[in-house]
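got a sequence here, can you model it:
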Amino acid sequence: MGLFDRKTEILGKNSFGKPKLPPGQTATDKFQVLTYGETPSIPRDKWRFDAVGLVEQELHWSWEEFMRLPQKKLRADFHCVTHWSRFDDEWEGVLFSDFVKQVRLKPEAKFVMQHAYGGYTTNLPLQWMIDEDVILAHTLNGKSLDVDHGGPMRVFTPRRYAWKGAKWIKKVEFMAKDKPGFWEENGYSNSADPWKEERFW
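From the prediction side, this is the model:
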């Protein structure tokens, strides 16, 4: 079924009651590639993922270890700050709400900084990452996530503009106070709500 065959569905509501197409967005079936800087290539046997910062003990996973965490599928829409949205992709990976149960957080942990291979960073409140279906995704529509879209693993934030989910994720840092990531330091919104068109400061 093509984009225009789904026009009525796109004009409806999403799973959390918001319009499927946020204001200022254009629907597309294309999955454009937008990246600042070089695209890192990380073989799965070299990939590592860390939980650091305000934790009782730092934790580290290899690919095989991470794949033993609870795996879920999430059907959700993708909203890019550059005014395009695509709909109803199936993402597979570890929901952040499940992941954080593996980590003993210190009480003062309130924010999360995502760190990517290549140096990219982006920030979100801890509670948003728990409540908003954020997923550490390795599979898209039944296929391993390709490197241009953040493979082998990326963070996907279906209730925020997509820059709030780091491609090529390597580490999450738990923090007491918020601090801006890469695009936030360069004028992009700190909250990035597509339905409020929070694109820039």
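
in this protein, which residue is closest to the centre?
Most central in the chain under Cα atoms, centre = their mean is Phe156, positioned 2.2 Å from the mean C-alpha point.

looks like it contacts Val134 (just checking).
Yes. With contact taken as Cβ atoms under 8 Å, Phe156 and Val134 are classed as touching, separated by 7.0 Å. The C-beta positions use only the backbone N, C-alpha and C, and glycine is treated the same way.

so what's in contact with these two at the same time?
Here Phe156 and Val134 share the contacting residues Gly165, scored by Cβ atoms under 8 Å, 6 or more residues apart in numbering.

I'd say Glu108 and Gly53 touch.
No. With the criterion set as Cβ under 8 Å, Glu108 and Gly53 do not qualify as a contacting pair; they are 10.2 Å apart.

and the two? Which one has more around it.
More crowded of Glu108 and Gly53, by other Cβ atoms under 10 Å: Gly53, with 19 against 10.

need the contact list for the more buried one.
The neighbourhood of Gly53, defined by Cβ under 8 Å, 6+ apart, consists of Ala109, Met113, Val172, Glu173, Phe174, Met175.

per-residue confidence at the third one?
Read that as Val172. At Val172, the pLDDT value in this model is 98.

list the helices and strands the helix or strand that contains it packs on?
Here Val172 is covered by strand 169-175, with elements defined by DSSP states H and E. Using 3 or more Cβ pairs under 8 Å, 6 or more residues apart in numbering; DSSP states H and E as the contact criterion, the elements in contact with strand 169-175 are strand 48-53, strand 111-116.

let's have the ones you listed in JSON lines, adding mean pLDDT and distance to Tyr161.
Shown next, in JSON lines, are the helices and strands packed on strand 169-175 (pLDDT from 0 to 100; distance: least, Cβ to Cβ, whole Å):
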{"stretch": "strand 48-53", "mean pLDDT": "98", "distance to Tyr161": "23"}
{"stretch": "strand 111-116", "mean pLDDT": "98", "distance to Tyr161": "14"}
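
give me the element Asp88 is part of.
Secondary structure here is read from DSSP H and E; on that basis Asp88 sits in strand 84-95.

over to Arg75?
Following DSSP H and E, one finds Arg75 within strand 72-80.

next, the angle from that strand to strand 84-95.
Computed with axes from the mean of the first three to the mean of the last three Cα atoms, to 10 degrees, the direction of strand 72-80 lies at 150 degrees from that of strand 84-95.

thank you kindly, that will do.
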